[in-house]
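# got a structure for you, letters missing:
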């Protein structure tokens, strides 16, 4: 798993590397563009609104939302990625932080129409994911949605099949979403797959 320094070093080539893997339908980024496109369309169907993005990276998603008039709030632990994102979104409210240790008070004071995270929360262990989700839900405005786009699987069997197919390329330091294991904890959660290893988990306030 990349640490803060690793993400800083990867920042310049991140979008290119992800795009290449997506085009080749390769783990872990097969379906990446479809995932971001789905989240973008879901948010913009409501018109410009307040969006919180956890682990926004180079702002591949939020820069497009920003251009359409959304008010962007976000947190990322890579200084270089924050610098890249801030250049794209000069008036966005971007904070330094690591979501594995919780959200800063300045972000928890607000309410958001959408809270999103794309390809970031797989750094949380399986037992940590529900804790963060429960921390985020009260931050949604009435009718708001939590949208998680990531390496994700409907079942544990699908995850294991992907692991076998990926072989030595499988990242054992990442912990991927399994919908069938989260749904009992969040009965209203839905899952839409976009490739053999990616999808969007949705949970309404």
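Perfect, I can see it now. Because the structure is a prediction, the values reported are computed rather than measured.
# from here on, contacts and neighbour counts on C-alpha atoms
Will do.
# after the lengthiest helix in the chain, which helix or strand is next?
Identified as the longest helix of the chain according to DSSP state H is helix 32-44. Next along the chain after helix 32-44, taking DSSP states H and E as the criterion, comes strand 50-54.
# helices and strands around the longest strand anywhere in the chain, which ones?
With residue count as the measure and DSSP state E as the assignment, the chain has strand 140-153 as its longest strand. Packing partners of strand 140-153 (3 or more Cα pairs under 8 Å, 6 or more residues apart in numbering; DSSP states H and E): helix 32-44, strand 112-118, strand 177-178, strand 198-204.
# wait, residue 144 sits on residue 113?
Yes. Between residue 144 and residue 113 there is a contact under Cα atoms under 8 Å: 4.5 Å.
# helices or strands up against the longest helix of the chain?
In terms of contacts (3+ Cα pairs under 8 Å, 6+ apart), helix 32-44 is packed against helix 14-23, helix 62-67, strand 140-153, strand 198-204.
# okay if I get these as JSON lines plus mean neighbour count?
What follows is these, written out as JSON lines (neighbours: other Cα atoms under 10 Å):
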{"stretch": "helix 14-23", "mean neighbour count": "14"}
{"stretch": "helix 62-67", "mean neighbour count": "20"}
{"stretch": "strand 140-153", "mean neighbour count": "23"}
{"stretch": "strand 198-204", "mean neighbour count": "22"}
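# ok so, going back, direction included, what does the longest strand of the chain pair against?
Strand pairing for strand 140-153, determined by DSSP bridges: strand 112-118 (parallel), strand 177-178 (parallel), strand 198-204 (antiparallel).
# name the next helix or strand downstream of it, please.
Counting by DSSP H and E, what follows strand 140-153 is helix 156-166.
# what residues sit buried inside that following helix?
Applying a neighbour-count criterion of 16 or more other Cα atoms under 10 Å, one finds 156, 159, 162, 163 buried in helix 156-166.
# quick one, what contacts the first one?
The contact partners of residue 156, by Cα atoms under 8 Å, 6 or more residues apart in numbering, come to 178, 180.
# need the three-state assignment for residue 107.
Put simply, residue 107 is helix when judged by DSSP: H, G, I helix; E, B strand; the rest coil.
# for it, grab the count of nearby residues.
For residue 107, the count of nearby residues is 17 (other Cα atoms under 10 Å).
# any idea how far residue 68 is from it?
According to Cα to Cα, to the nearest Å, residue 107 and residue 68 sit 22 Å apart.
# thought residue 159 was touching residue 153?
Yes. Using Cα under 8 Å, residue 159 is in contact with residue 153, at 5.8 Å.
# are there residues contacting both of the two? Which ones?
Common neighbours of residue 159 and residue 153 (Cα under 8 Å, 6+ apart) are 178, 197.
# now do the end-to-end distance for stretch 130-141.
Taking Cα to Cα, stretch 130-141 runs 19 Å from one end to the other.
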